[in-house]
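Colleague: Here is my input; please provide its structure:
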Amino acid sequence: MKASTVVRAVPASNGKTRLEVAGIPSFELNPVATTIWAKLVEGLSTQEIIDHLVGKFGLPEERMSSDVVKFIEVLKENFLVSDDPELAG
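Modeller: Here you go, the predicted structure:
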């Protein structure tokens, strides 16, 4: 999975993180979503991200798995990540 190169994570004044697409604020992320985004940018697989979050937040793997998959689907629907590295630029 590859994150789009036109997306940038920017800290927001409320302690959350904002994803900006081509400089335009598009999504506001909570701490879990921010971690998922950061791990996607690092190139981790979905399962590696789930394992990391289970360890970091101490939540059940089933819940983390569901949340991660749903969030990645939203990112894909908005063309912020892609399974095809050629399309993620």
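
Colleague: Tell me which stretches of this structure form strands.
Modeller: Listed in chain order, the strands of the chain (DSSP state E) span 2-3, 7-11, 17-21, 24-29, 81-82.

Colleague: tell me the most buried of those?
Modeller: strand 81-82 (a mean of 19; mean count of other CB atoms under 10 Å). Using the backbone N, CA and C atoms, a C-beta is placed for each residue, glycine as well.

Colleague: Given that strand, what are its sheet partners and their directions?
Modeller: strand 2-3 (antiparallel) (DSSP bridges).

Colleague: so how far is the first residue of stretch 4-21 from its last?
Modeller: 9 Å (CA to CA, to the nearest Å).

Colleague: tell me the mean pLDDT for it?
Modeller: What stretch 4-21 shows for mean pLDDT is 89.

Colleague: And the contacts of that stretch?
Modeller: 22-23, 25-31, 33-34, 37-38, 41, 79-82, 88-89 (CB atoms under 8 Å, 6 or more residues apart in numbering).

Colleague: sorry, back to before: JSON lines for the strands of the chain, including distance to Ser65?
Modeller: Shown next, in JSON lines, are the strands of the chain (distance: least, CB to CB, whole Å):
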{"stretch": "strand 2-3", "distance to Ser65": "20"}
{"stretch": "strand 7-11", "distance to Ser65": "23"}
{"stretch": "strand 17-21", "distance to Ser65": "22"}
{"stretch": "strand 24-29", "distance to Ser65": "19"}
{"stretch": "strand 81-82", "distance to Ser65": "17"}
